[in-house]
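Student: I would like to see how this sequence folds:
(one chain, ligands or ions: 1)
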Amino acid sequence: LIIVLDFGGQYNQLIARRVRECSVYCEVHPYTISLKELKAKNPKGIILTGGPNSVFDPASPHYDPALFDQGIPILGICYGAQLMAWSTGGTVETAPVSEYGKTETSIDRTGRLFGDVAETTTVWMSHTDYISKAPEGFRVTAHTPVCPVAAMENDEKKLYAVQFHPEVTHTVEGTKILRSFVMGPCGCKGDWKMDDFVERTIQEIREKVGDGKALCALSGGVDSSVAAVLMSKAIGKQLTCVFVDHGLLRKGEAESVDKVFGPDGPYDLNFVHVDAHERYYEKLKGVTEPEQKRKIIGEEFIRVFEEEAKKIGAVDYLVQGTIYPDVIESGLGKSAVIKSHHNVGGLPDHVDFKEIIEPLRMLFKDEVRAAGLELGIPEDLVYRQPFPGPGLGIRIIGEVTAEKVKIVQEADAIYREEIAAAGLARSINQYFAALTNMRSVGVMGDFRTYDYAVVLRGVTTSDFMTAEAAEIPWNVLQRIMNRIVNEVDHVNRVFYDLTSKPPGTIEME
Ligand code: XMP
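Tutor: Reported below is the predicted structural model:
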């Protein structure tokens, strides 16, 4: 285990990512974790992250200097490097010239982490303070024209520091440096695999929950499904999963959740399927404003869940499928609200539980998928594309009605079928059909029609923050269009949305 001690830098998630890419298990903890707790985790190494503060400012985040005397290998990055210097007797000051961006750096290849690195290498710098004098016992192992201590080490005490950011790809040999740290001084073997995580997590859940009870809201998405299966493997029938079918799911989705988690499925748990679709349609009657729809759907979900929880009675744990990027996003959360994603952070007020349990909070999405496969969850569920909490409610522009839901479900099912048949399912990150609120004139046979227009959306994206419209071959689009206008009642037109994000968003609402 490598622990990343978080001092608030913007690339912290990436550090964990890079370490995991070396097949070394890694957890991120806030710098507020005590030295005692930290040591109890028995890490093989610790990485101190960057951060926006100045170490010489008394209000900035510091750490017990005894950390540096434990014999645990430590790598300080940026602020973490300055903190190491400052805590062990070096000097940190505001740099006369701050460095930002790609920087040519001279490397001393005898440095413990630099054996594989070129003598002059490009690194990513982003700092206004610098280490002007390395502490006693340290030697300088890299510098730039304006940064005298771009890297330093005290190999005897296993302390290493880099002013630059090895975790970002702009640091050309950054991964090598991180690998050298975890494989060298830390002595990691690089044999961490998903089955270790799965087994250890099951064990940990068992110990934590004991003979207590846990309750989980199952959405049918990847995260909550993997969390539920992990929990069920650990505690079996002490777990109850509530699946709220709000009637805004894709075609066949409720059935597939039943198949996996229901009584005939492979897992040992209590499964409650609540069919709440009428209740939702009633609440959504006449509502057209997107954020209001989201709010209603989110709140109603919590109410339904609370009612079911009441029937079950007090539980000890509430299970959440939170994954690592959610932790980060909700932690920063300062950007303007473009859309409120209700399933991040919304918690029931009236469920009687003692503690939240988040078995996936240290995993990235692809790792959640790997864990899902390891747990034997069907591939189609594991690779399910993201589906918003409010479901088809925000893919129907304007008022939601049962009829419109049916239209979108049918059109979307055809779209998905044809994309899969064309072998494109994994190369388009998210794709779906939505219903415009537009009706137009068409002709079918010899008759005039006045029907709805369906819009197809398909995007490629790596982070869902920006996206490009996917290039779907013309013949595939035409086949989809043909099938939709022929097979789906009340649709006489099909559009393909070419808009990128920004300025568009991925969903229509
Ligand atoms: P947008 O439309 O904001 O979508 O470009 C980015 C990603 O977020 C999903 N999305 C949501 N997910 N609740 C969710 O759980 C929501 O209200 C919501 N709105 C958008 C969207 O599907 C895409 O993956």
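
Student: Any residues of the stretch 401-509 of the chain in contact with the ligand? List them.
Tutor: 430, 464, 501, 505-507 (CB under 6 Å from any ligand atom). In this view, the C-beta of every residue, glycine as well, is placed from N, C-alpha and C.

Student: What about the nearest residue to Leu230 once chain neighbours are set aside, how many residues nearby?
Tutor: Distance criterion CB to CB, 6 or more residues apart in numbering; nearest residue to Leu230, sequence neighbours excluded, is Pro359 at 4.9 Å. When neighbours are defined as other CB atoms under 10 Å, Pro359 has 27 of them.

Student: List the contacts of Pro359.
Tutor: 201, 205, 227, 230-231, 319 (CB atoms under 8 Å, 6 or more residues apart in numbering).

Student: mind redoing it with 10 Å?
Tutor: Residues near Pro359 by CB atoms under 10 Å, 6 or more residues apart in numbering: 197-198, 201-202, 204-205, 208, 216, 226-231, 234, 319-323, 371.

Student: ok, back up a step: looking at the residues of the stretch 401-509 of the chain next to the ligand, which is nearest Pro61?
Tutor: Phe464 (30.0 Å; CB to CB).

Student: still on that earlier bit, can you tell me which of the residues of the stretch 401-509 of the chain next to the ligand are buried?
Tutor: Listed as buried from these are 430, 501, 506-507; burial here means 16 or more other CB atoms under 10 Å.

Student: can you redo those as JSON lines with pLDDT and secondary structure?
Tutor: Below are those laid out as JSON lines (pLDDT from 0 to 100; DSSP: H, G, I helix; E, B strand; the rest coil):
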{"residue": "Gln430", "pLDDT": "96", "secondary structure": "strand"}
{"residue": "Lys501", "pLDDT": "92", "secondary structure": "strand"}
{"residue": "Ile506", "pLDDT": "95", "secondary structure": "coil"}
{"residue": "Glu507", "pLDDT": "96", "secondary structure": "coil"}
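
Student: Same list (those) but as a markdown table, adding distance to Met125.
Tutor: Formatted as a markdown table, those follow (distance: CB to CB, whole Å):
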| residue | distance to Met125 |
| --- | --- |
| Gln430 | 35 |
| Lys501 | 30 |
| Ile506 | 34 |
| Glu507 | 38 |
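
Student: For Ile77, state which of those residues is nearest.
Tutor: Lys501 (31.3 Å).

Student: Do I have it right that that closest one meets Thr461?
Tutor: Yes. Between Lys501 and Thr461 there is a contact at 7.5 Å, judged by CB atoms under 10 Å.

Student: Report the distance from stretch 144-156 to the chain centre.
Tutor: Mean-position distance between stretch 144-156 and its chain equals 34 Å (CA atoms, centre = their mean, to the nearest Å).

Student: Stretch 452-463 too?
Tutor: Distance, centroid of stretch 452-463 to centroid of chain: 21 Å (CA atoms, centre = their mean).

Student: export it as CSV, just CAs?
Tutor: The C-alpha coordinates for stretch 452-463 follow below in CSV (Å, rounded to 0.1, in the frame of the first residue of the first chain):
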residue,chain,number,x,y,z
TYR,A,452,-42.7,13.8,-33.1
ALA,A,453,-39.0,14.2,-34.0
VAL,A,454,-36.5,11.9,-32.3
VAL,A,455,-32.9,13.2,-31.9
LEU,A,456,-30.0,10.8,-31.7
ARG,A,457,-27.0,11.8,-29.7
GLY,A,458,-23.7,10.1,-29.6
VAL,A,459,-20.5,11.5,-28.1
THR,A,460,-16.8,10.6,-27.6
THR,A,461,-15.3,11.9,-24.5
SER,A,462,-12.7,10.9,-21.9
ASP,A,463,-14.1,12.8,-19.0
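
Student: Appreciated, that's everything.
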